[in-house]
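S.K.: quick check, what structure comes out for this input:
(one chain, ligands or ions: 1)
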Amino acid sequence: MNQQTQAPFIRTVTGDIPPDQVGVCYAHEHLIIDAGFATHANPDFLLDDVAKCVAELQEVFDLGVRTMVDSMPMACGRNVLKLADVSKRSGMQILCPTGIHLSKYYPPGHWSTRLDEETLSQHFVSEITDGIDANDGNGPHWQASSHRAGLIKVAGGLDRLDDQQRVTFKAAAQAHVITGAPILTHTEQGTAAMEQLELLRDHGVDLKHVVLSHLDRKSDVAYHRDVLQSGVCLEYDSAFRWKVDQVADNPTMQLLTALLADFPDQLMLGMDAARRSYWKQYGGKPGLHFLYQTWVSQMQQVGISDQHIQRLFIDNPAQAYRFCPNKEDDTSCQ
Ligand SMILES: [Zn+2]
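M.R.: Numbering: from 1, shown residues only. The predicted structure follows:
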């Protein structure tokens with residue numbers, strides 16, 4: 001294959017698709033979380049039921065949503081076989097990441113906290129190019145499944161990155177440079193965005209392939225402006241979490257109304273609903289349909305245009321989550 005002419009694509013668990021087939025996209029979700037260390041610590045995180053997931057997604061699919069970005073990286077409850085099954089049964093296109101989460105989601109001394117950046121990066125590259133480990137990094141050996149990772153997910157801490165987080169970010173940058181895979185990061189309460197993006201940029205990553213998550217948990221417009229000036233994309237997912245009487249007082253809405261005019265190509269939306277208590281199918285609320293139903297009508301109420309809504313849900317995810325294999329000639333990804 002000629003690398004020079006390879007067109008940009010989005011890598012889902014069931015295959016690669018052209019960016020214009022992404023459609024309406026939820027940019028940061030948790031569709032399956034299997035039992036393990038993290039769910040023992042907090043049973044509300046357990047989202048292991050394929051049938052419930054299919055039912056929850058079908059309702060959202062019927063509203064017109066076509067793609068979801070799962071954001072559970074290696075060895076903390078990810079299950080790509082279940083995600084592929086959910087995708088086939090619901091019709092929803094699903095991206096699944098490689099990468100490493102915060103150390104609090106792993107047992108003390110877990111291998112992910114001990115590997116150097118070179119070895120971690122090799123694991124990431126292998127899940128992107130060969131297939132996600134069918135044993136989810138839990139051993140006893142690695143076995144590439146037939147489902148490949150569509151992004152690299154790494155996580156930073158509150159207000160700063162610790163040494164181990166810096167290692168995982170550098171490994172992500174290395175794997176991005178080799179594969180062209182997009183990078184999605186976790187920010188803790190929206191903080192330390194500058195340190196995250198500077199570290200990635202210093203290690204060769206073009207920031208238009210980077211999405212920082214949860215920034216709306218820090219609802220400071222000036223801070224968001226500074227971060228957006230770098231060219232990075234931001235994902236907001238707290239719309240349903242704020243308790244406010246008036247929609248216009250919702251901090252996520254205030255950020256959108258303040259920033260969309262100047263940065264229409266760099267913002268996207270998700271729910272990050274990683275709890276049973278947020279899912280209708282597990283008896284919780286508001287349910288995954290909230291974002292593309294209630295929130296869209298609330299955005300329209302406050303005067304956000306349909307063009308901006310289309311950027312948030314369709315154009316921007318299709319841009320940010322594409323692979324750009326032609327590193328020397330990156331004009332296809334402008
Ligand atoms: Zn998340």
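S.K.: tell me the phi and psi of whatever residue of the stretch 151-300 of the chain ends up closest to the ion?
M.R.: Of the residues in the stretch 151-300 of the chain, the one nearest the ion is residue 272, at a distance of 4.3 Å by C-beta to the ion. C-beta coordinates here come from the backbone N, C-alpha and C atoms, glycine included. Main-chain torsions, residue 272, degrees, to the nearest 10: phi 50, psi 40.
S.K.: list the contacts for the residue lying closest to it once chain neighbours are set aside?
M.R.: Distance criterion C-beta to C-beta, 6 or more residues apart in numbering; nearest residue to residue 272, sequence neighbours excluded, is residue 237 at 4.0 Å. Neighbour list for residue 237: 27-28, 213-214, 216, 269-272 [criterion: C-beta atoms under 8 Å, 6 or more residues apart in numbering].
S.K.: if we use 10 Å, what do you get?
M.R.: Residue 237 makes contacts with 26-29, 71, 213-217, 252, 268-273, 291, as judged by C-beta atoms under 10 Å, 6 or more residues apart in numbering.
S.K.: what about the residues you listed, which are in strands?
M.R.: Among the contacts of residue 237, DSSP state E puts 26-29, 213, 268-269 in strands.
S.K.: quick one: pLDDT of the residue nearest to residue 302 when sequence neighbours are not counted?
M.R.: Nearest non-adjacent residue to residue 302, counting by C-beta to C-beta, 6+ apart: residue 248, 5.5 Å away. At residue 248, the pLDDT value in this model is 95.
S.K.: hmm, residue 248 is touching residue 304, no?
M.R.: No. Look at residue 248 against residue 304 with C-beta atoms under 10 Å: they stay out of range, at 11.1 Å.
S.K.: which residues do the two both contact?
M.R.: Contact with both residue 248 and residue 304 is made by residues 257, 298, according to C-beta under 10 Å, 6+ apart.
S.K.: so if I had to pick from these two, which one is more boxed in?
M.R.: Between residue 248 and residue 304, counted using other C-beta atoms under 10 Å, residue 304 has the larger neighbour count: 17 against 13.
S.K.: and the helix or strand hosting residue 172, how far out from the chain's middle?
M.R.: Per DSSP states H and E, residue 172 falls inside helix 163-179. Distance of helix 163-179 from the chain centroid (C-alpha atoms, centre = their mean, to the nearest Å) equals 16 Å.
S.K.: mind listing what's buried in that helix?
M.R.: 164-177, 179 (16 or more other C-beta atoms under 10 Å).
S.K.: same check, this time on stretch 247-254
M.R.: 250-254.
S.K.: then stretch 284-292?
M.R.: Buried residues in stretch 284-292 (16+ other C-beta under 10 Å): 286-292.
S.K.: what does the stretch 151-300 of the chain have sitting close to the ion?
M.R.: Counting by C-beta under 5 Å from the ion, the stretch 151-300 of the chain comes close to the ion at residue 272.
S.K.: how does it look with 8 Å?
M.R.: 186, 213-214, 237, 272, 274 (C-beta under 8 Å from the ion).
S.K.: JSON lines please, covering those and showing pLDDT.
M.R.: JSON lines is the format used below for these (pLDDT from 0 to 100):
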{"residue": "186", "pLDDT": "98"}
{"residue": "213", "pLDDT": "98"}
{"residue": "214", "pLDDT": "98"}
{"residue": "237", "pLDDT": "98"}
{"residue": "272", "pLDDT": "98"}
{"residue": "274", "pLDDT": "97"}
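S.K.: any idea how far the closest residue to residue 260 other than its chain neighbours is from the ion?
M.R.: Excluding the flanking residues, the one nearest residue 260 by C-beta to C-beta, 6+ apart is residue 308, at 4.8 Å. Distance from residue 308 to the ion, counting by C-beta to the ion, to the nearest Å: 24 Å.
S.K.: which pLDDT does the model give residue 308?
M.R.: 98.
S.K.: and which of the buried residues of helix 163-179 is nearest residue 119?
M.R.: Relative to residue 119, the closest of the buried residues of helix 163-179 is residue 171; by C-beta to C-beta it sits at 8.1 Å.
S.K.: who's in contact with that closest one?
M.R.: By C-beta under 10 Å, 6+ apart, residue 171 lies in contact with 99-100, 115-125, 152, 154, 203.
S.K.: rerun at 6 Å
M.R.: 117, 120-121 (C-beta atoms under 6 Å, 6 or more residues apart in numbering).
S.K.: so which of the residues you listed belong to helices?
M.R.: 117, 120-121 (DSSP state H).
S.K.: any weak-confidence spans in the stretch 201-334 of the chain?
M.R.: Filtered on pLDDT under 70, the stretch 201-334 of the chain yields the residue ranges 325-334.
S.K.: for it, what spans make up the helices?
M.R.: Assigned by DSSP state H, counting those that start in this stretch, the stretch 201-334 of the chain shows helices spanning 221-228, 251-259, 296-301, 306-310, 316-320.
S.K.: name the residues that touch the fourth one?
M.R.: Right, the one you point to is helix 306-310. With contact meaning C-beta under 6 Å, 6+ apart, helix 306-310 is reached by residue 260.
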